[in-house]
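Q: dropping the sequence and predicted coords here.
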Amino acid sequence: MVDQVTNEQIADLGRDLQAARKAHRAAIEQLSDAHRAVRARELDVWAAERLAIRLHTRFLALVDRTAA
């Protein structure tokens, strides 16, 4: 005996598929937002490292002047 698929079952599957696609798009957007946030934090770390290097260089120059 062959199972019959009703129009209502097909419509339910269509709605489920639409919901899954919407959830997939939302997950992709969240991942993209997370990547942007990580990149921004990486730039913050890079800027902090550059500042630390500049300050250390100034400190060493000051120490050299006071030692001379």
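A: Sure, I can see it.
Q: dump stretch 26-35 to PDB, keeping only the CA atoms.
A: Output in PDB follows, covering the C-alpha atoms of stretch 26-35 (Å, rounded to 0.1, in the frame of the first residue of the first chain):
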ATOM      1  CA  ALA A  26      20.300  34.300  10.600                       C
ATOM      2  CA  ALA A  27      23.100  32.000  11.600                       C
ATOM      3  CA  ILE A  28      25.200  33.200   8.700                       C
ATOM      4  CA  GLU A  29      24.600  36.900   9.700                       C
ATOM      5  CA  GLN A  30      25.500  36.100  13.300                       C
ATOM      6  CA  LEU A  31      28.700  34.400  12.200                       C
ATOM      7  CA  SER A  32      29.500  37.400  10.000                       C
ATOM      8  CA  ASP A  33      28.900  39.800  12.900                       C
ATOM      9  CA  ALA A  34      31.200  37.600  15.100                       C
ATOM     10  CA  HIS A  35      33.900  37.700  12.500                       C
END
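Q: average model confidence for that stretch?
A: Averaging pLDDT along stretch 26-35 yields 99.
Q: can you pull the buried residues of it?
A: Judged by neighbour count (16 or more other Cβ atoms under 10 Å), stretch 26-35 contains no buried residues. Backbone N, C-alpha and C define where each C-beta goes, glycine included.
Q: and that stretch, how far out from the chain's middle?
A: The chain centre lies 6 Å from the centre of stretch 26-35; the measure is Cα atoms, centre = their mean, to the nearest Å.
Q: how close does residue 49 sit to residue 65?
A: 25 Å (Cβ to Cβ, to the nearest Å).
Q: with residue 57 instead?
A: With Cβ to Cβ as the criterion, residue 57 and residue 65 are 13 Å apart.
Q: likewise residue 21?
A: For residue 21, the distance to residue 65 - Cβ to Cβ - is 66 Å.
Q: do the same with residue 8
A: 85 Å.
Q: with residue 29 instead?
A: Taking Cβ to Cβ, one finds residue 29 at 54 Å from residue 65.
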